[in-house]
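>>> Here you go, sequence then predicted model.
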Amino acid sequence: MTSKVAVITGATRGIGQATARKLANLGYDVILTGTTKPGVEAAIAEAAAEGASARGHVLDQGKDRSVTAFAKWLAKQTDHIDVLINCAGIYPEKTDAAGGSVLAGNAQAMLDTFNVNTFGPWRVIRALGPMIADNGRIINVSSSMASLERMSGGSFGYRASKTALNALTRLAAMELADRGIMVNAIDPGWVKTDMGGPSANLDPDTSAEGLIWAATLPPGGPSGGYFFNGEPQSW
């Protein structure tokens, strides 16, 4: 029996790495990506040390050329994808003195954030879409900061990029519905990662459970939704 194939971007650390490990332990053929070759190699080695198997390749989803190169490499590794998890993202405003203010934020930082956090997953879905198997799953890692209902001030670029990612999720779900492909956005919670910081209330392994839930939904499960730990969230 052929193993199910899971492709996970941003899987060399944090939530992505924890999700890759969990799926590998569930028997998935895991293909992970990161922005540097040493990072990818280290993640593969760590998986092997824990008895899990994984392959990987460098991917900078902010660059068309990198996405195209990854897609060509991937086509030589497998003829299908069962699960695509768009986990990679950036948050440059976290260290910006202006804090991503609408009035004073750094314009280039905001453009860079949109390029990676919104257009990056779009590039990946567009490039890999033909390889995703019928009844497959696409998971876009969003944020509680993307919720319009709960939105507060600051971090304009990050918040808006993740809100736009939620819109991409809805649109992709509609376009891929005839193939039975489920596309959902996942709020991973506030997680102890380089992005979330040490004061966060969740560890990556706990956060990853929400992604595992979405990755292992049965055929005919929800699509076009926004979830935290399997529970619907307000847009």
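Cool, the structure landed.
>>> This structure: strands as residue ranges?
Using DSSP state E, the strands of the chain run over 5-8, 29-34, 54-58, 81-86, 132-141, 182-186, 226-228, 231-232.
>>> so what's the spatially closest residue to Gly39 that is not a sequence neighbour up against?
Leaving out its chain neighbours, the residue that sits closest to Gly39 by Cβ to Cβ, 6 or more residues apart in numbering is Thr12, at 3.9 Å. (C-beta placed from N, C-alpha, C; glycine too.) Counting by Cβ atoms under 8 Å, 6 or more residues apart in numbering, Thr12 touches Leu32, Thr33, Gly34, Thr35, Thr36, Gly39, Val40, Ala42, Ala43, Gly56.
>>> Top of these by number of neighbours, please.
Leu32 (30 neighbours; other Cβ atoms under 10 Å).
>>> So what pairs up with that residue in the strands?
Following DSSP bridges, Leu32 is listed with bridge partners Ile8, Gly56.
>>> Closest one of the contacts of Thr12 to Arg159?
For those, the minimum distance to Arg159 (Cβ to Cβ) is 22.7 Å, reached by Thr35.
>>> hmm, back to that, can you tell me which of the contacts of Thr12 is nearest Leu74?
Thr33 (9.4 Å).
>>> My read is that the closest one contacts Phe70, right?
Yes. Taking Cβ atoms under 8 Å as the definition, Thr33 is a contact partner of Phe70 at 6.7 Å.
>>> what residues are shared contacts of those two?
Residues touching both Thr33 and Phe70 (Cβ under 8 Å, 6+ apart) are His57, Val58, Leu59.
>>> Could you pull up the contacting residues of the second one?
Applying Cβ under 8 Å, 6+ apart to Val58 gives the contacts Thr33, Gly34, Thr35, Thr36, Lys37, Val40, Ser66, Phe70.
>>> Based on its surroundings, how many neighbours for the last one?
Counted with other Cβ under 10 Å, residues neighbouring Phe70 total 23.
>>> before we move on, what about the fifth one?
Other residues lying near Lys37 total 11 when counted by other Cβ under 10 Å.
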